[in-house]
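S.K.: fold the stuff below for me.
(2 chains)
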Number of protein chains: 2
Amino acid sequence: MSYVKELALKAKEAAKTLSLLSSEEKNQGLLGIARQLLMDAEDILRANEMDLTKGEQEGMQPSLLDRLALTPARIGDMVEGIRQVMDLDDPVGRVMESRVLPNGLAIDKVRVPMGVLGMIYEARPNVTVDACALGLKAGSSVLLRGGSSALNSNRALVQTIKKGLSGTPIPEEAVQFVDTDERGAVDEMLRLNGFLDLIIPRGGAGLIRRVVETATVPVIETGVGNCHLYVDQDARGTMALDILLNAKCQRYGVCNAAETLLVHRAIAPSWLPGAIKELADRGVEVRGCPATVQLVPGIKPAEESDWATEFLAPILAVKVVEDLNEAILHIQKYGTGHSESIITDNVGAAEEFLKRVDAAAVYHNASTRFTDGFQFGFGAEIGISTQKLHARGPMGLAELTSYKYVIRGTGQIRL
Amino acid sequence: MSYVKELALKAKEAAKTLSLLSSEEKNQGLLGIARQLLMDAEDILRANEMDLTKGEQEGMQPSLLDRLALTPARIGDMVEGIRQVMDLDDPVGRVMESRVLPNGLAIDKVRVPMGVLGMIYEARPNVTVDACALGLKAGSSVLLRGGSSALNSNRALVQTIKKGLSGTPIPEEAVQFVDTDERGAVDEMLRLNGFLDLIIPRGGAGLIRRVVETATVPVIETGVGNCHLYVDQDARGTMALDILLNAKCQRYGVCNAAETLLVHRAIAPSWLPGAIKELADRGVEVRGCPATVQLVPGIKPAEESDWATEFLAPILAVKVVEDLNEAILHIQKYGTGHSESIITDNVGAAEEFLKRVDAAAVYHNASTRFTDGFQFGFGAEIGISTQKLHARGPMGLAELTSYKYVIRGTGQIRL
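M.R.: Presented below is the predicted three-dimensional model:
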């Protein structure tokens, strides 16, 4: 049996115990992890230092180095995150629906753990801790494969997590870490049907595409957000500007940031030049359609590829549209099904937008930046799904579970 | 653009219209199909005759010929099936959850259509009609690929369906049929990410495996059922026998039929020989473990592969187990996660079984044959899922939908 399959088998065996634990027992395990993280903080920071040094030597970008870096405060955030997950209601065992058939059979639809979750992710080592906390609380084992740039950090974190679990009801084997740099290990993981029940990739578009194309295990696509803000002719200019600056500029590298601005041609002449100036003041590069370039001379013309790009940077594509319909068609063509917003005081236009735009989150008069498990009040999230199967939008504990039908009879047979 | 991609694109375009229709409008389309089926019955039967003749010439098995055959009564059943789907509540637009955040944002989680469903299936032509009725009512277009042995029947049915839709609110293009025998067409269909939102394979284990291994579009695995009946030491013998005969013998070729009988060693000597005699009287071949062979001399010994086989035939594997735990471990090892039943009057044993056995449907004192959308009261089903993602067990209308978050604000930005 290969190394990766062996890990998955251990995770699967441990899931049999884990799936039967009460919420209190699972919380004891999480508490063990939280405590151990605080005790081992120095070791973890030392391991992280090795990754950072290697990253710097290899010329890693500052933004990636920032994602990779751990500090005492970030470890404190991890611990706080675990405590928040402990406070979340446990979905496992919840009866979702009940019915009694005329023949007396009592059918309950009951939430159950997924089994074994595979996580494949890139630089951020905090995903290691988040995935463990959410996965274990949801009653599932986790098989983790982090980015090779964070290998030392993740190895140290997993060691700490396992140490923290020892002596608690959660078996240490419920957390497995693919401790190798080999690319083949990921490909094998993606095809472990019968061992893994679900794979969640977290990272850039390239990683997600590779996982979707290779996996035979069910996958939930996450994260890629080419989000649009549509400023309708009946928008209030100040509200539109506030939301634009929030959606584009509050943070650039996040999946729920706006990447394209669509503006109704009736409001463009009066509103767009001022909005573009505000963007320029904040260092945002605008790439405009011909009408935009005409309104604001000197703007860089947008290329076709700009409409399809998730910049994750201070760049915004801007297009003037004929009407609401053209805005919706543009989003249908280029959107990634993440978050889309319309700014308007026209309720009819808003409702048409909310109905016709097919995305995980559709907004009226609000910033796309709210698409987030914490913001939505789920308490935590393992990622944001951009596919339609199983879970869409921010995924919390419930989205990490499955269900089964429990049928209690008194000797019923089918006629 | 290839033939298959072109079909999928048409389906995707049609879904934009279909997804916005009211229940009444969708029911008008379904009524059109039902009426046209009755009008075109003769044409459909003639086309089916061609498939049957070809099947006979090629030496198709009688059981497969029976699945393939249409009769006026079976067309009547299709029409009745459509009327039942018309009566079902429309899940689309249903608000599943609502919350208002402290900042005033109102978040609704709303059921929405999936988009485009791909169906890949084998001999039964009625799947063509069932999939259209359920898919369209759920607001999604369907791209159909039936078995080549039913090509003429399916082509005629699709022609009728499209004729029936004409003049109704549902666009004809919402139903697309891959009218070719080429195997490559299926492979292409399985990789149409961005065009298809979901693929549901219906057929034998070979088809399901091929789809899971090739598809990059999300798939829901259906159907393969290696179902177990466990007769505990505290079972009532007559109830256990009634349920055994129902679960094994009522129909042999169905996924929810029992394929392995597990018997507690304390009850085996008194109960098993009589049960095996009843099975033999019904023409069922028993393949037993050594203890079974010892109890009932002359029984064929089971081979390792028998425990893992979905016979779909009058064959039953029988194993005497030490205790409840061994029964559960056996099911964990060989089960396909479909339907599993325990017969016992011991409530503690029953609850342990219901909790520890990880399957779509777990039964206490009832036949596994109840795992079925109609039996469960869902009104209809597109298949029975044996995976844990998205839907498990019988899939009705709701399981063919997704959801989105609709967020209404008054200018909120993220702080």
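S.K.: C-alpha only now, for contacts and for neighbours.
M.R.: OK.
S.K.: tell me the contacts of the closest residue to chain B within the stretch 301-415 of chain A?
M.R.: Closest contact between the stretch 301-415 of chain A and chain B, by C-alpha to the nearest C-alpha, is at A:His390 (3.7 Å). When contacts are counted by C-alpha atoms under 8 Å, 6 or more residues apart in numbering or on different chains, A:His390 touches A:220, A:399, B:389-391, B:402.
S.K.: up against chain B, what does the stretch 101-250 of chain A have?
M.R.: A:101, A:107, A:114, A:197-198, A:212-216, A:218-219, A:239-240, A:242-243, A:246-247 (C-alpha under 8 Å from any C-alpha of the partner chain).
S.K.: of these, buried ones?
M.R.: For those, a burial check counting by 16 or more other C-alpha atoms under 10 Å in any protein chain shown picks out A:107, A:114, A:197-198, A:212-216, A:218-219, A:239-240, A:242-243, A:246-247.
S.K.: helices - which of these land there?
M.R.: Assignment to helices by DSSP state H places the following of these there: A:212-214, A:239-240, A:242-243, A:246-247.
S.K.: which parts of stretch A:340-360 are buried?
M.R.: A:340-345, A:349-351, A:353-360.
S.K.: now do that stretch: distance from first to last residue.
M.R.: 9 Å (C-alpha to C-alpha, to the nearest Å).
S.K.: touching chain B at all, that stretch?
M.R.: Yes. Using C-alpha under 8 Å from any C-alpha, stretch A:340-360 reaches chain B at A:354-356, A:358-360.
S.K.: name the helices or strands packed onto the strand ranked longest in chain A?
M.R.: Ranked by residue count and defined by DSSP state E, the top strand of chain A is strand A:401-412. Here strand A:401-412 touches strand A:106-113, helix B:237-249, strand B:361-366, going by 3 or more C-alpha pairs under 8 Å, 6 or more residues apart in numbering or on different chains; DSSP states H and E.
S.K.: any idea of the mean pLDDT for the longest one?
M.R.: It stands for helix B:237-249. Mean per-residue pLDDT for helix B:237-249: 98.
S.K.: right, is that helix up against chain A?
M.R.: Yes. Using C-alpha under 8 Å from any C-alpha, helix B:237-249 comes into contact with chain A via B:239-240, B:242-243, B:246-247.
S.K.: output the contacting helices and strands for that helix.
M.R.: Looks like helix B:237-249 contacts strand A:401-412, strand B:258-264, helix B:268-281, strand B:361-366 (3+ C-alpha pairs under 8 Å, 6+ apart).
S.K.: likewise the shortest one?
M.R.: Identification of packing neighbours for strand B:361-366 by 3+ C-alpha pairs under 8 Å, 6+ apart yields strand A:401-412, helix B:237-249, strand B:339-343, helix B:347-356.
S.K.: who does it pair up with?
M.R.: Strand B:361-366 has the following strand partners under DSSP bridges: strand A:401-412 (parallel), strand B:339-343 (parallel).
S.K.: so can I have a markdown table of the ones you listed showing distance to A:Tyr252?
M.R.: Shown next, in a markdown table, are those (distance: least, C-alpha to C-alpha, whole Å):
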| stretch | distance to A:Tyr252 |
| --- | --- |
| strand A:401-412 | 32 |
| strand B:339-343 | 49 |
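S.K.: re the thing from before, among the helices and strands packed on strand B:361-366, which comes closest to A:Ile208?
M.R.: Nearest of these to A:Ile208, taken as C-alpha to C-alpha: strand A:401-412 at 21.5 Å.
S.K.: show me which residues of that closest one are buried.
M.R.: A:401-412.
S.K.: and the furthest pair within those?
M.R.: The span of the buried residues of strand A:401-412, defined through C-alpha to C-alpha, is set by A:Thr401 and A:Gly411 at 30.5 Å.
S.K.: between strand A:106-113 and the longest strand of chain A, find me the angle.
M.R.: Here strand A:401-412 runs at an angle of 150 degrees relative to strand A:106-113 (axes from the mean of the first three to the mean of the last three C-alpha atoms, to 10 degrees).
S.K.: CA atoms only: put strand A:401-412 into CSV for me.
M.R.: What follows is strand A:401-412, C-alpha atoms only, in CSV (Å, rounded to 0.1, in the frame of the first residue of the first chain):
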residue,chain,number,x,y,z
THR,A,401,-21.7,17.0,6.8
SER,A,402,-23.8,14.5,4.8
TYR,A,403,-27.1,12.9,5.9
LYS,A,404,-28.7,9.5,6.0
TYR,A,405,-32.2,8.1,6.3
VAL,A,406,-32.9,6.2,9.5
ILE,A,407,-36.0,4.0,9.2
ARG,A,408,-37.6,2.3,12.1
GLY,A,409,-40.2,-0.4,11.5
THR,A,410,-42.1,-3.2,13.1
GLY,A,411,-41.7,-5.8,10.4
GLN,A,412,-42.8,-3.9,7.3
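S.K.: quick one: contacts of it?
M.R.: A:91-92, A:103-114, A:138, B:239-240, B:242-243, B:354, B:358-367, B:388-393.
S.K.: could you look up the SS state of A:Leu389?
M.R.: Reduced to three states with DSSP: H, G, I helix; E, B strand; the rest coil, the structure at A:Leu389 is coil.
S.K.: how long is stretch A:278-286 end to end?
M.R.: 11 Å.
S.K.: next: stretch A:190-207.
M.R.: End to end - C-alpha to C-alpha - stretch A:190-207 spans 12 Å.
S.K.: same deal with stretch A:95-115?
M.R.: End-to-end span of stretch A:95-115 (C-alpha to C-alpha): 18 Å.
S.K.: which residues sit against that stretch?
M.R.: Stretch A:95-115 is contacted by residues A:12, A:15-16, A:19, A:91-94, A:138-141, A:196-198, A:400-410, A:412, B:376-377, B:388-389 when judged by C-alpha under 8 Å, 6+ apart.
S.K.: okay, now A:Met50: neighbour count?
M.R.: Neighbour count for A:Met50, taken as other C-alpha atoms under 10 Å in any protein chain shown: 16.
S.K.: likewise for the one 5 residues further on?
M.R.: Look at A:Gly55: counted by other C-alpha under 10 Å, it has 18 neighbours.
S.K.: show me what contacts it?
M.R.: By C-alpha under 8 Å, 6+ apart, the contact set of A:Gly55 is A:65, A:149.
S.K.: and stretch A:76-85, how far out from the chain's middle?
M.R.: Distance of stretch A:76-85 from the chain centroid (C-alpha atoms, centre = their mean, to the nearest Å) equals 17 Å.
S.K.: touching, A:Glu399 and A:Ala391? I think so.
M.R.: Yes. Here A:Glu399 reaches A:Ala391: they are 6.1 Å apart, a contact under C-alpha atoms under 8 Å.
S.K.: A:Ser341 pairs with what?
M.R.: As for beta bridges, A:Ser341 partners with A:Leu229, A:Tyr363 under DSSP bridges.
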